[in-house]
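**Q** Output the structure for:
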Amino acid sequence: MWEHRSVSNKVYTETKLMRASETYVRLMDVVEEVVSKAQIDEFDHTQFLKYIPQRGPWEEVPESDISKPDPRTRYIGPARARLLNTNLIIGSSWIEAERFKFERRIKNVGDFLHQKTIINANMWTPKQLSTTQTLFFCSAGDEDRMGGSFLTGDGPTADHPFLGASEGEEPEWEPILWGLGHRGIVPDSDPLDQCFYPSLMHRGVSFNNRLGWTRFSPAGFGKDASGYIMTRPGTWIWPAVNGNRESPTAFNLLVNLPDRRLSFGEEGITDVFMTTGKTSLYCLMGMMSSTTVRQMFGAGSEMVPLEFHCIEPGLDEWIASASDEDKYSRLFEVCATLGYMLTDPGIGSLGGASKRRRLVIYPRDQGNLLTCVNASQVADHALKSNYEATVFTKLDQADFMNRVTRRFKAYADLVAASEVAQGSRWISQADFHDGEKKQIGPNVHSILSVRGYDVMSMDEYLQTFNDISAAPNRLMRRCIQSIATNALKTVYPLSDLGESGDPAPYDHIFGSKEGNPLVYYTDIRFLVPTSIDKMRSLTGSRGADRGRMREAYATMTNADPMTSLSIQDVCLPFLADLGEDSWQTSTGLSENEIIVEVTMAVNPARVWRALLDPTTKNVFDLPKGKKGTAANLWGDIFIENDVLHQRMEKDGLGHYLRLLKLGFHWANDEARKIHGLK
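**A** Coordinates of the predicted model:
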């Protein structure tokens, strides 16, 4: 291991030399210089309007008491650049090559970040222009996609998927840090590698996007049949994320500036993108054990919770495609990982005043997922900070906020323990067979949700405002039959999700008689790429009463649409791609497309059962002629390894260890009962 120490910009400029112990060269100087420059530049709105196609959000509309004709009065002001939030992407499944097969107009990570930055311009108000920062944490093997590092003297080629710029074009990535030594946490790595932390100066728009990534490259870091339980993150991942002021990590310096609010005007991290794999889990555990890093997980108001976004294939799909041993090990690990996210005391104490957190799970095979998530993130912030310009509904802000808060509390009480509610447990109880009485599973503290997307045409969307057409019913059926089912398959088997022959075909999912439904609450949002003024003139009204859609929902689900359904139309004026003659390009949507987002808060007590039930179905031949369960196949070696258990306790992994034991013993005992094994 080598020690990190920063070197002053002055010394570096004079000598042009740096040693392995001086790897954070010029970082703070350059980042602050870039930020202050972006904030000082006066924005030339007259010049800007010359290269904006004057249509879509920039179109002049007839003046009325609810709309202003000149687009500059609607959107452009002093445009002081402000960093909106920091996203962490932990584990590479969010940006793996597979992902881009389902994306329109995004070919690689560079395109994804470009799109994220442009979509964030939706947050433009007359007071400020916002941007976002994205940090990646990936394991070895992501060099091609992530930019990785270059030996001293080498640089990226023109066709590099992340850093390259084709001939004659201005490169969008300006390297602001060299020689970070991203693999410095691993003995024998080369600290003189150059690592790019690009800053995006985007085509005359007065803001700047800072981002970085950290790669872990320990030797022999691969998947094996026993899963990832045996690896020791304390020696290689944790030192990269668990920094303090005396020995900061790259992560600390990029994300946790002491004067973060002054420099960037930012609350903290509002979104963490992760998978159920080991890189994600161990990074997060390392972050939770560092007080310095914990400060970065900012407040999150009632409107914008601290969200963890997880991506998974459908439960049935992945059981069908994996080998026996691997599929069962993954079921136990996913059950423990989701349990860790929902019950760990460290994560439970994150967040601001309302301690709001949500774990959202997306289906992996979903077209346009990255684009839709980018847009959704902006919609969350738009609702919070620029209500008047973005939301298309009758409700005024105070009433809207009240409803959101009331609804949230109502279904949070079903899930999280509080003074008035028992809350839900992750794995109800299990017998550890160690002489102690039965162990009770930990309380859930976060809302667990699943989310699906679809893209529809503007014409089809406008039809839904017509009370005498069947469009509202058609759209609600599509939301439940296709988008909701696709999202729910990540946590429930498809056998639980199909339509029944009853008059209310989805009653078993949304309106269970025992008070134990699969879904507690459904939130449907239409993200519309046009301005509020244009939208009002198109529909000829100030607001949109979604009564017909509520009726259709009630008919299909037998759930009360007033307490278990929320429908919102959110205008994001700069969401559409306005063509090559504009800075507004590559957003992934055209002007006549709408994103439909369906988010459902699911019942955690039903989810852990859905994950563990398949492990109770089969019996296997074990060595020495005994019969055993899927839990034996997966966990015997692990469960009997007391030395490993002590090590995990010492490393602060006691909570995770207990979840793994609960999963093992519950499934093993349940399977033995079912199959009559001793």
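**Q** Okay, domains of this structure per the record?
**A** 9-43+78-298, 609-675 (automatic domain parsing).
**Q** what pLDDT, on average, does the last one get?
**A** This means domain 609-675. Computed over domain 609-675, the mean pLDDT rounds to 90.
**Q** Same question for the first one.
**A** For domain 9-43+78-298, mean pLDDT is 62.
**Q** Ok, stretch 471-487 next?
**A** 92.
**Q** Endpoint to endpoint, that stretch covers what distance?
**A** By CA to CA, to the nearest Å, the extent of stretch 471-487 from end to end equals 23 Å.
**Q** hmm, who's touching that stretch?
**A** 361-363, 366, 450-454, 456, 460, 463-464, 494, 497, 499, 506, 519, 522, 524, 546, 548-549, 552-553, 556-557, 596, 598-600 (CB atoms under 8 Å, 6 or more residues apart in numbering). Any C-beta I mention is one placed from the backbone N, CA and C, and that applies to glycine too.
**Q** can you pull the buried residues of that stretch?
**A** Applying a neighbour-count criterion of 16 or more other CB atoms under 10 Å, one finds 471-473, 475-480, 483-487 buried in stretch 471-487.
**Q** Need the per-residue pLDDT for residue 369.
**A** For residue 369, the model assigns a pLDDT of 93.
**Q** before we move on, what about the one 3 residues further on?
**A** At residue 372 the predicted local distance difference test score is 94.
**Q** got it, and residue 361?
**A** Per-residue confidence at residue 361 stands at 96 (pLDDT).
**Q** next one: residue 453
**A** Value for residue 453, per-residue pLDDT: 96.
**Q** Within the helices and strands, which one has it?
**A** Residue 453 is part of strand 447-457 when elements are defined by DSSP states H and E.
**Q** which strands and helices sit next to the longest helix seen in the chain?
**A** Counting by DSSP state H, the longest helix found in the chain is helix 654-675. If you count contacts as 3 or more CB pairs under 8 Å, 6 or more residues apart in numbering; DSSP states H and E, helix 654-675 packs onto helix 324-343, strand 429-430, strand 439-440, helix 604-612, strand 627-629, helix 630-639, helix 642-650.
**Q** Now do the buried residues in stretch 459-472.
**A** Result for stretch 459-472 [16+ other CB under 10 Å]: buried residues 460-461, 464-465, 471-472.
**Q** same question but for stretch 278-293, I mixed them up
**A** In stretch 278-293, counting by 16+ other CB under 10 Å, buried: 278-290, 292-293.
**Q** Give me the subset of those residues lying in helices.
**A** Within the buried residues of stretch 278-293, residues falling in helices by DSSP H are 278-288, 292-293.
**Q** contacting residues for residue 653?
**A** Residue 653 makes contact with residue 285, according to CB under 8 Å, 6+ apart.
**Q** Out of the buried residues of stretch 471-487, which sit inside helices?
**A** Of the positions in the buried residues of stretch 471-487, 471-473, 475-478, 485-487 sit in helices, assigned by DSSP H.
**Q** looking at it, residue 348 is touching residue 446, isn't it?
**A** Yes: counting by CB atoms under 8 Å, residue 348 touches residue 446, with 7.4 Å between them.
**Q** Now do the contacts for residue 70.
**A** So residue 70 contacts residue 60 (CB under 8 Å, 6+ apart).
**Q** scratch that, residue 308
**A** So residue 308 contacts 271-272, 274, 341, 357-360, 446 (CB under 8 Å, 6+ apart).
**Q** Neighbour-wise, which one of these leads?
**A** residue 446 (26 neighbours; other CB atoms under 10 Å).
**Q** Okay, and the beta partners of the nearest residue to that residue once chain neighbours are set aside?
**A** In space, and not counting its chain neighbours, residue 446 is closest to residue 357: 4.1 Å by CB to CB, 6 or more residues apart in numbering. Per DSSP bridges, the residues bridged to residue 357 are residue 306.
**Q** Secondary structure class of residue 100, three-state.
**A** Recorded secondary structure, residue 100: helix (DSSP: H, G, I helix; E, B strand; the rest coil).
**Q** In this structure it contacts residue 94, no?
**A** No: applying CB under 8 Å, one finds residue 100 not in contact with residue 94, separated by 11.1 Å.
**Q** just to revisit the earlier point, which neighbours do residue 348 and residue 446 share?
**A** Contact criterion CB under 8 Å, 6+ apart; residues shared by residue 348 and residue 446: residue 357.
**Q** Have a look at residue 100 and residue 94 and say which one is more surrounded.
**A** residue 94 (25 against 18).
**Q** Just confirm the more buried one contacts residue 275, I think it does.
**A** Yes: assessed by CB under 8 Å, residue 94 is found in contact with residue 275 at 7.2 Å.
**Q** Residue 403: which element?
**A** Counting by DSSP H and E, residue 403 is part of helix 397-415.
**Q** So which elements touch the helix or strand residue 552 falls within?
**A** Applying DSSP H and E as the criterion places residue 552 in helix 547-557. Helix 547-557 sits against helix 471-478, helix 507-510, helix 561-564, strand 565-571, with contacts defined as 3+ CB pairs under 8 Å, 6+ apart.
**Q** Contacts for it, please.
**A** Outside helix 547-557, the residues touching it (CB under 8 Å, 6+ apart) are 464, 467, 472-473, 475-477, 480, 503-507, 509-511, 522, 524, 559-562, 565, 567.
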